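**Q** Need a 3D model of the sequence below.
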Amino acid sequence: MATDLKSPPPSSTKPADSLQKAEASGDDVTRALPHALGPEKSLLSSILQDPQEWIGVAIEEKLTAEHFYLPAHTTLYGFLIELFEAGAEIELVSLVQKLLDRGLLDRVGGPSALTDLYTYAPSPGHFRHHLQLVKDKFVLRSIIQNSNEAIAQAYDTPDEVASLLDSVEAKILAIREGSETNKAPTTKQTIDEVIDQFQALLAGEKGAQGFSTGYEELDRKCNGLKPGEMFVVAARPSMGKTSLMMNIVEHICVDLQKPTMVFSCEMSSFQIVQRLLFARARFAMSQLSRGYTPNKGDLQRIQRAAVDISNAKMFIDDTPGISINELRAKARRKKRDEGLEFIAIDYLQLMKSRTRQAENSREREIAEISAGIKGLAKELELPILILAQLNRGPEGRTGKSLGVPRMSDLRESGAIEQDADMVGLLYRTAYYAETEEDKEQEAGRAELVLAKNRNGETGHIPLTFIAELMRFETGPPAREDE
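**A** Next up is the predicted model:
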């Protein structure tokens with residue numbers, strides 16, 4: 001989450017007068033914010049003397065104009081980066097003219113200030129050390145600013161404790177990760193990324209797509225689950241949406257070896273792992289209650305599945321009724337500590353939002369949760385799969401439409417439909433069969449209706465549900481007469 005830290009406006013052309021002052025917390029004296037003018041001058045001097053060498057290093061180290069404390073240095077560095085990106089030559093005489101043409105010469109201190117920087121003559125060997133000093137001072141200023149903002153908000157909104165804590169944690173985490181220095185990419189940078197991905201797709205590189213779900217037809221329609229996307233799988237109770245979610249989790253976490261976090265508001269971590277283990281081993285637990293004794297092959301499959309799951313980086317949080325603020329805080333920590341790449345949540349309507357606005361409106365609460373999940377996907381740059389409950393609309397339909405879900409059946413809020421990048425509606429026809437013959441005929445038949453796909457095609461995806469294994473497989477069930 002980016003923190004808006006603007007450089008202090010110049011109050012004078014004299015460097016000493018342009019230093020912003022800040023009142024120290026708990027102290028009556030006025031103190032200057034942390035800064036390092038000498039290292040700032042050193043960096044700019046090195047760049048002016050050898051721009052091809054040092055601007056590249058500065059960009060690699062993610063040094064931005066906002067890192068500089070002196071407004072003149074902020075303006076000059078930003079202009080140098082602009083010239084570098086445009087491929088323009090950087091030398092002192094033409095630089096003065098270009099600054100003059102743009103009306104920026106006085107803001108950087110005039111020709112004498114540029115000459116002073118150029119002749120500062122630091123040792124090139126100290127460039128990275130001085131760069132780190134400048135960044136460290138920026139971090140200290142960020143801490144001070146965010147702390148001051150948090151203190152003011154704590155006084156102004158004492159009732160919004162959970163939201164305030166979430167906001168403060170996000171800002172402090174952003175400082176730790178250095179994300180507050182990230183700038184929005186230019187159109188040229190974005191075009192380059194799009195072309196690179198297009199070429200990779202042409203070359204058949206799997207990494208150019210999102211994470212495979214393990215279901216071929218779904219992957220074909222959506223090109224995989226991509227960073228920043230929110231995929232909602234919704235269904236009526238007993239349709240198997242948790243099983244589908246865990247099948248996808250298993251593929252991404254165990255087979256693709258991507259660090260994954262599962263938030264389960266309904267099942268315990270023991271139940272989740274148990275279901276995952278025996279589904280992967282293709283062993284029906286229900287057999288044990290009928291007196292079945294596992295054979296050697298069964299035990300070997302269970303052992304292999306146990307090893308595979310043990311080696312996977314899967315983190316399960318089974319906090320019931322978890323709040324959106326708490327979920328975001330836990331996800332951020334796992335992203336920071338474990339390099340989290342995928343999140344699955346079961347399920348949206350069991351989560352809470354504890355803001356004052358959500359207290360008296362369930363629709364408002366669901367909208368806040370949905371927006372929070374989408375925002376988290378973008379913030380952490382990973383895909384999030386979240387389950388949702390449908391209302392009783394499917395049961396109220398007749399004829400061939402009986403049980404067939406629609407996007408309008410999403411319970412309690414149209415915000416889910418709005419926020420989601422993809423919406424999949426899961427149903428099993430056998431559940432709505434009216435006769436035993438029909439139930440037998442439709443046994444195992446399931447469909448995932450991809451009702452919304454922001455970046456691809458929609459349509460019906462046939463699946464087979466193996467109830468005893470709690471597992472969905474690609475394609476319709478095979479029939480004996482086929």
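
**Q** how many other residues sit next to the nearest residue to L450 once chain neighbours are set aside?
**A** The shortest distance from L450 to any non-neighbouring residue, by CB to CB, 6 or more residues apart in numbering, is to T458 (4.9 Å). C-beta coordinates here come from the backbone N, C-alpha and C atoms, glycine included. T458 is flanked by 15 other residues according to other CB atoms under 10 Å.

**Q** Kindly report the same for A32.
**A** Counted with other CB under 10 Å, A32 comes out at 11.

**Q** again with Y120
**A** For Y120, the neighbour count with other CB under 10 Å is 16.

**Q** same deal with L99?
**A** L99: 20 surrounding residues under other CB under 10 Å.

**Q** rewinding a little: ok, now which ones touch the residue nearest to L450?
**A** By CB atoms under 8 Å, 6 or more residues apart in numbering, the contact set of T458 is 221, 450-452.

**Q** Quick one: mean pLDDT over the helix or strand where I416 lies.
**A** Here I416 sits within helix 415-419, counting by DSSP states H and E. Computed over helix 415-419, the mean pLDDT rounds to 83.

**Q** Stretch 251-265 too?
**A** Stretch 251-265 shows a mean pLDDT of 92.

**Q** Then stretch 122-134?
**A** 85.

**Q** list the buried ones in that stretch?
**A** Of the residues in stretch 122-134, 122, 127, 130-131, 133-134 count as buried by neighbour count, 16 or more other CB atoms under 10 Å.

**Q** for stretch 307-319, same thing?
**A** Burial within stretch 307-319, assessed by neighbour count using 16+ other CB under 10 Å, is assigned to 308-309, 312-318.

**Q** Of the residues you listed, which is the nearest to E82?
**A** K313 (41.5 Å; CB to CB).

**Q** Not counting sequence-adjacent ones, nearest residue to the closest one?
**A** K313 sits nearest to P259 (CB to CB, 6+ apart), 4.0 Å away.

**Q** Dihedrals phi and psi, the one you found?
**A** P259 has phi and psi values of phi -60, psi 130 when expressed as degrees, to the nearest 10.

**Q** can you check S238 too?
**A** phi 70, psi 10.

**Q** and the next helix or strand after the helix holding I416, how far out from the chain's middle?
**A** Scanning forward in sequence from helix 415-419 by DSSP H and E, the next helix or strand is strand 422-428. Computed by CA atoms, centre = their mean, to the nearest Å, the chain-centroid distance of strand 422-428 equals 23 Å.

**Q** Pretty sure A451 sits against G424.
**A** Yes. Between A451 and G424 there is a contact under CB atoms under 8 Å: 7.2 Å.

**Q** how far is the strand or helix carrying I144 from where the chain is centred?
**A** Using DSSP H and E, I144 falls within helix 127-156. The chain centroid and the centroid of helix 127-156 are separated by 24 Å, computed with CA atoms, centre = their mean.

**Q** who does the helix holding I416 touch, helix- and strand-wise?
**A** If you count contacts as 3 or more CB pairs under 8 Å, 6 or more residues apart in numbering; DSSP states H and E, helix 415-419 packs onto strand 230-235, helix 362-380.
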